[in-house]
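A.B. asks: Need coordinates for the following:
(4 chains)
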Protein chains: 2
Amino acid sequence: MLLTVDPAAPQPLFEQLVASIRNAILSGSVVSGERLPTARDLAQSLDINLHTVLRAYQVLRDEGFIELRRGRGAVVTERTRDYEQLMADIGRLVSEAKRLDLTPSALSDLIREAWT
Amino acid sequence: MLLTVDPAAPQPLFEQLVASIRNAILSGSVVSGERLPTARDLAQSLDINLHTVLRAYQVLRDEGFIELRRGRGAVVTERTRDYEQLMADIGRLVSEAKRLDLTPSALSDLIREAWT
DNA sequence: ACCTATTTGTCCGTATGTATG
DNA sequence: CCATACATACGGACAAATAGG
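C.D. replies: Residues are numbered from 1 along each chain as shown, chains lettered A, B, ... in the order given. You can find the predicted model right below:
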């Protein structure tokens, strides 16, 4: 995986990072389960700030492409689907949420609050 | 709208802010079209950092609750709905997910996949 | 058309907390 | 217990869009 960013480009650095890492995942050049470089390492090698990398990583996490765990780093997500019933429920909930014009983030947060 | 945050609480400050502003919107105590205080003002009055407020505002924007524009501030989005049915559905889904031993983020990922 | 103040957006830096291994 | 690595919060600086005079 070869990553570069262009500070002169109109797009923000963190978005450039998100796009290139996402493309690497979608194109298969980064496999499921593979570990991305640590935020610090990547920041250093790209000569950008740690937070810029962390922000990109968090966007990718929100998009479901990677999992972030403290002490472990960023791992490309495994996707499994054996939960037929759950998926059906989710499908109904999502269409209801769409009807209400909610965003995925809003629904996720409401669910998180309902969790406890 | 009366907003407070508790630095000692386990939840991050920005999440507390998101939750309380969102509740204020959903409960109708903040009307559509109304302008939230500027990030700097709110940060000062809550005695927290500007960036913490900006982050909360950006989450609310991603969730579709407010619109953010430079030079204009944060304006509550048009939204006249009834969320009771949705909350009930969420409650059912969450207990189902708990039964299956899913994590909240796993469920969020599934929902995001189901969205498109 | 110009200038200025306002306000969010991004980025950098630093410090501390917290889960993982 | 200790090192790792993300998570949050603080601070400062400048850019960019908006609104108003």
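
A.B. asks: all strands for chain A, in order.
C.D. replies: Assigned by DSSP state E, the strands in chain A fall at A:35-36, A:66-69, A:73-76.

A.B. asks: As CSV, those strands with distance to B:Gly73 would be great.
C.D. replies: Using the backbone N, CA and C atoms, a C-beta is placed for each residue, glycine as well. Below are these laid out as CSV (distance: least, C-beta to C-beta, whole Å):
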stretch, distance to B:Gly73
strand A:35-36, 36
strand A:66-69, 32
strand A:73-76, 34
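
A.B. asks: so which of those strands comes closest to A:Leu93?
C.D. replies: strand A:66-69 (22.7 Å; C-beta to C-beta).

A.B. asks: got the buried residues for that closest one?
C.D. replies: By 16 or more other C-beta atoms under 10 Å in any protein chain shown, the buried positions in strand A:66-69 come out as A:66-68.

A.B. asks: Near DNA strand D, list only the ones from those.
C.D. replies: Subset of these in contact with DNA strand D: A:Leu68, counting by C-beta under 7 Å from any atom of the strand.

A.B. asks: who wins for proximity to chain B among the strands of chain A?
C.D. replies: Closest to chain B of the strands of chain A, according to C-beta to the nearest C-beta: strand A:66-69, at 7.7 Å.

A.B. asks: I would like the residues contacting the closest one, please.
C.D. replies: The contact list for strand A:66-69 (C-beta atoms under 8 Å, 6 or more residues apart in numbering or on different chains) reads A:25, A:36, A:57-58, A:60-61, A:74-77, B:105.

A.B. asks: what does stretch A:36-47 give?
C.D. replies: If you take C-beta under 8 Å, 6+ apart as the criterion, stretch A:36-47 is touched by A:3-5, A:17, A:21, A:30, A:49-50, A:52-54, A:57, A:66, A:73-76.

A.B. asks: Narrow those residues to those that are buried.
C.D. replies: A:3, A:5, A:17, A:21, A:30, A:52-54, A:57, A:66, A:73-74, A:76.

A.B. asks: Output the contacting helices and strands for the single longest helix found in chain A.
C.D. replies: The residue-count maximum for a helix in chain A (DSSP state H) belongs to helix A:84-99. If contacts are counted by 3 or more C-beta pairs under 8 Å, 6 or more residues apart in numbering or on different chains; DSSP states H and E, helix A:84-99 sits against helix A:104-115, helix B:84-99, helix B:104-115.

A.B. asks: change it to 7 Å
C.D. replies: helix B:84-99, helix B:104-115 (3 or more C-beta pairs under 7 Å, 6 or more residues apart in numbering or on different chains; DSSP states H and E).
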